[in-house]
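Trainee: Provide a 3D model corresponding to the input given below.
(chains A and B)
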Amino acid sequence: MKMLLRFLTILLFAMPAYATEEALQFENETQRQLYQQLTAELRCPQCQNQNIADSNAVVSVDMRQKTYDMIKQGGNRDDVLDYMINRYGNFVHYQPPLNRYTLLLWLAPLLMLLALVALQLKRRRQQADEFSTDAAAEAASGQSGSAKLDAELDQLIEQYRSKK
Amino acid sequence: MRKLMFYVPLVLFLTLALFLLSGLFSNPMERESVTTNKPLPAFSLPDLMQPAKRWQPEQLHGETFLLNVWGTWCPTCNAELSYMTELKQQGVKIIGLYYVLPVDPLLGESFDLALLQADVSNKLQQRGNPYQFNILDADRSLSLDLGVSGAPETFIVDSNGIVREHHIGDINPQVWRNKLAPLYQKWRQQDGTE
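Mentor: Residues are numbered from 1 along each chain as shown, chains lettered A, B, ... in the order given. Predicted coordinates:
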């Protein structure tokens, strides 16, 4: 039992790992990190919704190789991204740029937030209105709300008693 | 006010339903190619059958042609060979770009050109040979430059060596009639001008 619990606890700490990493040699840690970052950010054009780090499609293998070659030759992040986007389009990068085609995509969360705030404000105002109209009606009848309720309650009790 | 509150969710729901419905019939593999309307990328690659001969983009100028990315390992490519052979008989110029797999089921990890040539000849004899010639893209560098994501894919390249269309998937009578033939005719008619 204890063993099982221990095993399950260890499972809780399991982390996802990209499976198709080859043993690659880099000159320094920055290059390695850049490579890992880029292959995680670039999207496989063949097997959609996988990044190229995670995919073993031929085109992903080639794109990884190209990324590696470019980094080894001193290319930076933008060089690699430009190269890929020039061939496979914005589709290939998981961070779409902000332009007129993607404007809605980027603004949608903000618009939703604004809509929610507007709705909430409107509700509050309505509630405040209802409250103030109630208060006005009471003031006009010259009776406070609780006094009116007390009278109704008395009446009900009276009815109940007389039935008995 | 009440009425409005009733219609708002209804309209929202209908919009969402229509949006999702349209998603059911869309093809996620279809997207605009960014390598069209640009010249063929620079390359110097050997001929598949006569490796001593090398092909450069300038040698392909002069006539609108189809550049067909294929390999004998790809069943869909083999299936389109016979229809493309019919197209060739109708006068369509088709050039093959042979896409070699990193680990080929036929060749394994080592690349054996003689074995590949024999396999290709065999296949073309069986199914028909639509190609004027085949360019061997052994490391898939030209394919990567053209934005190829797999095989089969076909490009229409005009007489000035500008890529005019990038078709992902096979060529069959329907695709040819509805999509590629009009474009091919259009660029074919402009051959020799400019």
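Trainee: could you pull out the helices for the chain?
Mentor: By default, I'm working from chain A. A:2-12, A:29-41, A:58-72, A:77-88, A:103-141, A:145-163 (DSSP state H).
Trainee: actually chain B
Mentor: When secondary structure is read from DSSP H, chain B shows helices at B:2-24, B:75-89, B:113-127, B:141-145, B:173-175, B:181-189.
Trainee: quick one, what contacts B:E86?
Mentor: Shown in contact with B:E86 (CB atoms under 8 Å, 6 or more residues apart in numbering or on different chains): B:G128. Every C-beta, even on glycine, is put in place using the N, C-alpha and C of the backbone.
Trainee: residues near B:K179, how many?
Mentor: 14 (other CB atoms under 10 Å in any protein chain shown).
Trainee: name the nearest residue to it, sequence neighbours excluded.
Mentor: What sits nearest to B:K179 in space, not counting adjacent residues and going by CB to CB, 6 or more residues apart in numbering or on different chains, is B:H167, at 6.9 Å.
Trainee: if I look at the one you found, how far off is chain A?
Mentor: Counting by CB to the nearest CB, to the nearest Å, the separation of B:H167 from chain A is 15 Å.
Trainee: same thing with B:Q185?
Mentor: B:Q185 is 27 Å from chain A, where distance means CB to the nearest CB.
Trainee: ok, back up a step: need the helices of chain A in TSV with distance to chain B, mean pLDDT and mean neighbour count, can you?
Mentor: Compiled in TSV, the helices of chain A are given as follows (distance: least, CB to the nearest CB, whole Å; pLDDT from 0 to 100; neighbours: other CB atoms under 10 Å in any protein chain shown):
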stretch	distance to chain B	mean pLDDT	mean neighbour count
helix A:2-12	34	79	8
helix A:29-41	15	93	16
helix A:58-72	5	93	20
helix A:77-88	4	93	17
helix A:103-141	9	84	10
helix A:145-163	25	85	10
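Trainee: who wins for proximity to B:W73 among the ones you listed?
Mentor: helix A:58-72 (10.3 Å; CB to CB).
Trainee: identify the residues contacting the closest one?
Mentor: With CB under 8 Å, 6+ apart as the test, helix A:58-72 has contacts from A:22, A:24, A:26-27, A:31, A:34-35, A:38-39, A:42, A:44-47, A:50, A:52-53, A:79-80, A:83-84, B:101-102, B:140, B:143-144, B:148-150.
Trainee: check the gap between B:S22 and chain A for me.
Mentor: 16 Å.
Trainee: what of B:V120?
Mentor: B:V120 is 18 Å from chain A, where distance means CB to the nearest CB.
Trainee: and if you look at B:L12?
Mentor: B:L12 sits 11 Å away from chain A, going by CB to the nearest CB.
Trainee: burial of that residue, as a residue count?
Mentor: By the criterion of other CB under 10 Å, B:L12 has 10 neighbours.
Trainee: could you do B:P102 as well?
Mentor: Using other CB under 10 Å, B:P102 has 13 neighbouring residues.
Trainee: got it, and B:R188?
Mentor: Neighbours of B:R188 (other CB under 10 Å): 18.
Trainee: now the residue nearest to it when sequence neighbours are not counted: how far from B:S33?
Mentor: Spatially, and ignoring its direct neighbours in sequence, B:R188 is nearest to B:T64 (4.7 Å; CB to CB, 6+ apart). Relative to B:S33, B:T64 is positioned 17 Å away (CB to CB, to the nearest Å).
Trainee: what about the closest residue to chain A within chain B, how many neighbours?
Mentor: For chain B and chain A, the shortest gap (CB to the nearest CB) falls at B:S149, measuring 3.8 Å. Neighbourhood size, B:S149 [other CB under 10 Å]: 28.
Trainee: what's near enough to touch the closest residue to it other than its chain neighbours?
Mentor: The shortest distance from B:S149 to any non-neighbouring residue, by CB to CB, 6+ apart, is to A:P45 (3.8 Å). Applying CB under 8 Å, 6+ apart to A:P45 gives the contacts A:59, A:88, A:91-92, B:147, B:149.
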